[in-house]
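**Q** what's the 3D shape of this:
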Amino acid sequence: MRELVEPVAAIGVDYGGTELKAVLGNAVEVIGEPVRLRLGRAIEAEQVVAEVAGVVQLLSARAADANVSVAGVCLVIPGRVNPDLGRGEFSANLGWADFAIGPELEAVLGQPVLVEHDVYAGALAEFSIGAGRGLRSGAFVPVGTGMAAAVLLDGRIWRGATRFAGEIGHVCTSAIGATANGEPSRCVESAASGRGIERAYAELVGEDEYIEAKEIAVRAAAGEQAASVVWQECVDTLARSLSTLALTLDVEAIVVGGGLSQAGGQLFDPLASAMAKELASVREVPELRSAALGQTAGARGAALHALATPLPTPSSRVAVASSPKLNTSSCLESTQQPKFMLAFDHRASTATELFNSETVSVEQWALLADAKTVIAEAVISSLQVVGHLGEVSVLVDMECGEAAARVAQSGGIDTALALEVSGQRQLVLLDEAQMETSSSILESAKWGKVLLRWNPNDPMDLKEANLAALQQARSICAGFGMDLLLELIVPPTTSDMEHVGDDAARYRSEMLPGLLAVAVGEITERFGLPDLWKLQGVASASKAAAVSEACCVDGVVPPIVILGAGAPRDEIATWLRAGAGVRGYAGFAIGRSIWKAPIAGLLSGQMDRVAVRDEIVARFTEYVNDYMVAARVSLVAGCS
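**A** The predicted structure is shown next:
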């Protein structure tokens, strides 16, 4: 029976001032339609718990029907939140004070529930998979029922000393007085929020009932005077607030979300003009971006937080209650696009495994070549699912993968072509005749790839021969206009294995990380930098940092993708987490862990081409999700 890669998702619930929104999702997709419930203005605690629990149970049943594993549940709410105790300490928009919503939900659901701030959650989603993805600094400002901000500094969300950073909606914009109902006047939120607009419009026209903000926006667009006055005041107040934010933090961009952002140009055009006036003598207006995830950003971020955060226990809530965790670590993550490479340049050894034979016939090679075209078709299909998250590419051989390379290239997929003879301890390149036969795909390829086996304890003559072959490979790449992808494997020497008692697992855990850094350093010093490294994974950030440092020349570290080595999914996830935020580490190049089982099913006649393609897409998607959670979401959240 084939080992299945089980889809993993989490349940995220955004409980706002007027609406509940919930999703079953991960970093790649939302499974099924979001759940949305309108909320009253004053709801009893018992009803809140019942509503949220009912939605969680509904989405849990959906996950079971779709054979999706639920990794966790997270509820996000506005106001002052204590995530460690799972409490909503105060929320003006919800009318809550000291509400132990997390523990109460856990009692009903019988499972841990994380509780977080809604603006943080929206920012986590937008900065890791949405409109702010790739920014080093920015602000996420949802303008909905209320108004607040979350700030991204050095690639991570800054929570503040007491987790209250970004509450700019409560900043006063004029002298404090009192409105007709006795509330403090002229805070930003009183004008620049959905509820603020509704209240201001009602007061201006003398109506007792509030009209929804989106209707006021429609009336303003139609030229109604009262609506236009209220809308302009909202824009001007928001412009002053965001200009102050830009001057204080000097962020690259501001992502505006929430219900009012749905007004599009009606909001963004005058907002940019008003900010230009505010900032005219000081700096340019930071880039204004509309939130990509719309009004479900908070729920998506809640699900992402659940995927990236260890589940709470009653004892852990008590243990951390008196000392909130603050993120003080720095972030070295590159802003480059993640690289998702599906590798299927495997040849002789994999062919003998797939056909369960020590010799492979001509007919079997032809079957394998055809099977590789199915893998290429799957990668093309995956673009619709994961293409927006990073650079999708393939690594394939020329001997039995030329047809697959042509399929991939015709589908717009960046291609790496293996230039070495398979299975050699010493690097030997393919002969000129093979290169000439495959010249058309070489000329269209992005990378030429060589697999180098190098141990620091190798004899000098072997190292010299390998360096000479590397120089030849670089010349070949230059001749065909390709970049050089250097895959490095550090095989154990006889003395290495003696040192660990012939235990391969001990070699990988105890010796490989150190040898890998030394090997990379030797190659870098004697050969120079490749355009892209493909390296074995290590199990800790400090070991990954040592490898990164060994790759560095004059402050430059080429991008590094982690190879899969046919390892189990959880072990690969450990390697991805270790590289998260380490300079250079930029993605993965995984092969057999994704395609070997479905291709075996195809070759044995147990699966047809469509089923194989779909399963490869599903497996590839799950590894992309694992990468995004480990290397992007966790970093932005400050969990790494």
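
**Q** How many residues are close by residue 606?
**A** Residue 606 has 12 neighbouring residues, counting by other Cβ atoms under 10 Å. Backbone N, C-alpha and C define where each C-beta goes, glycine included.

**Q** make that residue 398, sorry
**A** Using other Cβ under 10 Å, residue 398 has 20 neighbouring residues.

**Q** pretty sure it contacts residue 439?
**A** No. If you go by Cβ atoms under 8 Å, residue 398 and residue 439 don't touch, sitting 10.2 Å apart.

**Q** Tell me the confidence at residue 350?
**A** With respect to pLDDT, residue 350 scores 89.

**Q** got a pLDDT number for residue 316?
**A** pLDDT for residue 316: 51.

**Q** Help me confirm that residue 606 is found in a strand?
**A** No. Judged by DSSP: H, G, I helix; E, B strand; the rest coil, residue 606 forms no part of a strand; its state is coil.

**Q** Pop out the phi and psi values for residue 606.
**A** Dihedral pair for residue 606: phi -80, psi -20, per degrees, to the nearest 10.

**Q** Next up, the contacts around it.
**A** The contact partners of residue 606, by Cβ atoms under 8 Å, 6 or more residues apart in numbering, come to none.

**Q** How many neighbouring residues does residue 571 have?
**A** Neighbour count for residue 571, taken as other Cβ under 10 Å: 15.

**Q** how much space between residue 409 and residue 224?
**A** Applying Cβ to Cβ, to the nearest Å, the value for residue 409 to residue 224 is 56 Å.

**Q** repeat for residue 347
**A** 71 Å.

**Q** now residue 233
**A** To residue 224, residue 233 is 14 Å away according to Cβ to Cβ.

**Q** what's the answer for residue 300, then?
**A** Per Cβ to Cβ, residue 300 is found 35 Å from residue 224.

**Q** Compare the two (neighbour count), which wins?
**A** Taking other Cβ under 10 Å, residue 300 and residue 224 do not tie; residue 300 has more neighbours (28 against 16).

**Q** Next up, the contacts around the more buried one.
**A** When contacts are counted by Cβ under 8 Å, 6+ apart, residue 300 is found next to 12, 23, 25, 30, 121, 125, 129, 130, 293.

**Q** Specify which member of those residues is nearest to residue 542.
**A** residue 129 (27.7 Å; Cβ to Cβ).

**Q** who touches the closest one in this structure?
**A** Residue 129 makes contact with 27, 293, 300, 304, 389, 628, 632, 633 under the criterion Cβ under 8 Å, 6+ apart.

**Q** do residue 21 as well
**A** Going by Cβ under 8 Å, 6+ apart, residue 21 touches 13, 14, 34, 35, 36, 295, 296, 298, 299.

**Q** State the number of residues packed around the last one.
**A** This points to residue 299. Around residue 299 there are 33 residues (other Cβ under 10 Å).

**Q** ok, the contacts of residue 129 vs residue 114, which is closest?
**A** Proximity of these to residue 114 was ranked by Cβ to Cβ; the top entry is residue 304 with 11.1 Å.

**Q** Please name the residues that touch that closest one.
**A** 10, 12, 26, 27, 121, 124, 125, 128, 129, 629, 633, 637.

**Q** Report pLDDT for the third one.
**A** The reference is to residue 26. Reported pLDDT for residue 26: 97.

**Q** and it, how far is that from residue 60?
**A** 15 Å.

**Q** what's the answer for the second one, then?
**A** From residue 12 across to residue 60, the span is 13 Å (Cβ to Cβ).

**Q** Those two: which is more packed in?
**A** Taking other Cβ under 10 Å, residue 12 and residue 60 do not tie; residue 12 has more neighbours (34 against 17).

**Q** Help me confirm that the more buried one is found in a strand?
**A** Yes. Checked against three-state DSSP, residue 12 lies within a strand.

**Q** is it true that it touches residue 76?
**A** Yes. With contact defined as Cβ under 8 Å, residue 12 reaches residue 76; the gap is 7.3 Å.

**Q** Determine the residues that are contacts of both of the two.
**A** The contact sets of residue 12 and residue 76 overlap at 121, 298, 299, 301, 302, 305 (Cβ under 8 Å, 6+ apart).

**Q** Next step: the residues you listed restricted to helices.
**A** Counting by DSSP state H, these place 121, 298, 299, 301, 302, 305 in helices.

**Q** The least confident helix or strand in the chain by mean pLDDT: what's the following helix or strand?
**A** Least confident helix or strand, the chain: helix 314-320 with a mean of 48, by mean pLDDT, DSSP states H and E. Next helix or strand after helix 314-320 toward the C-terminus (DSSP states H and E): strand 339-344.

**Q** Tell me the helices and strands packed up against that following strand.
**A** The elements that strand 339-344 packs onto, with contact taken as 3 or more Cβ pairs under 8 Å, 6 or more residues apart in numbering; DSSP states H and E, are helix 362-386, strand 391-396, strand 560-563, strand 585-590, helix 592-603, helix 609-627.

**Q** got the angle for it vs helix 592-603?
**A** Relative orientation of strand 339-344 versus helix 592-603 (axes from the mean of the first three to the mean of the last three Cα atoms, to 10 degrees): 40 degrees.

**Q** Show me how far strand 339-344 is from its chain's centre.
**A** 17 Å (Cα atoms, centre = their mean, to the nearest Å).

**Q** try stretch 588-608
**A** Using Cα atoms, centre = their mean, the offset of stretch 588-608 from its chain centre is 26 Å.

**Q** Look up how far residue 444 lies from residue 459.
**A** Using Cβ to Cβ, residue 459 is found at 39 Å from residue 444.

**Q** what about the two, which has more around it?
**A** Higher neighbour count among residue 459 and residue 444: residue 444, with 18 against 10, using other Cβ under 10 Å.

**Q** How many residues are close by the closest residue to residue 297 other than its chain neighbours?
**A** Once flanking residues are discounted, residue 297 sits nearest to residue 122: 4.0 Å by Cβ to Cβ, 6 or more residues apart in numbering. By other Cβ under 10 Å, the residues close to residue 122 number 32.

**Q** How about the contacts made by residue 122?
**A** Applying Cβ under 8 Å, 6+ apart, one finds that residue 122 lies in contact with 140, 142, 150, 257, 291, 293, 297, 298, 301.

**Q** again, only using 6 Å
**A** Contacts were defined as Cβ atoms under 6 Å, 6 or more residues apart in numbering; by that measure residue 122 touches 140, 142, 257, 297, 298, 301.

**Q** Over to residue 400?
**A** By Cβ under 6 Å, 6+ apart, the neighbours of residue 400 are 365, 368, 369.

**Q** go with 8 Å
**A** Residues near residue 400 by Cβ under 8 Å, 6+ apart: 347, 351, 365, 368, 369, 372.

**Q** Closest one of those residues to residue 51?
**A** residue 372 (50.9 Å).

**Q** pLDDT on stretch 582-591, on average?
**A** Averaged over stretch 582-591, pLDDT sits at 96.

**Q** Run the chain-centre distance for it.
**A** That offset, for stretch 582-591, works out to 13 Å (Cα atoms, centre = their mean).

**Q** Let me see the residues that make contact with that stretch.
**A** 332-334, 336, 338-346, 390-391, 395, 487, 533-534, 541, 544-545, 548, 551-552, 557-564, 566, 572, 576, 579, 623, 627, 631.
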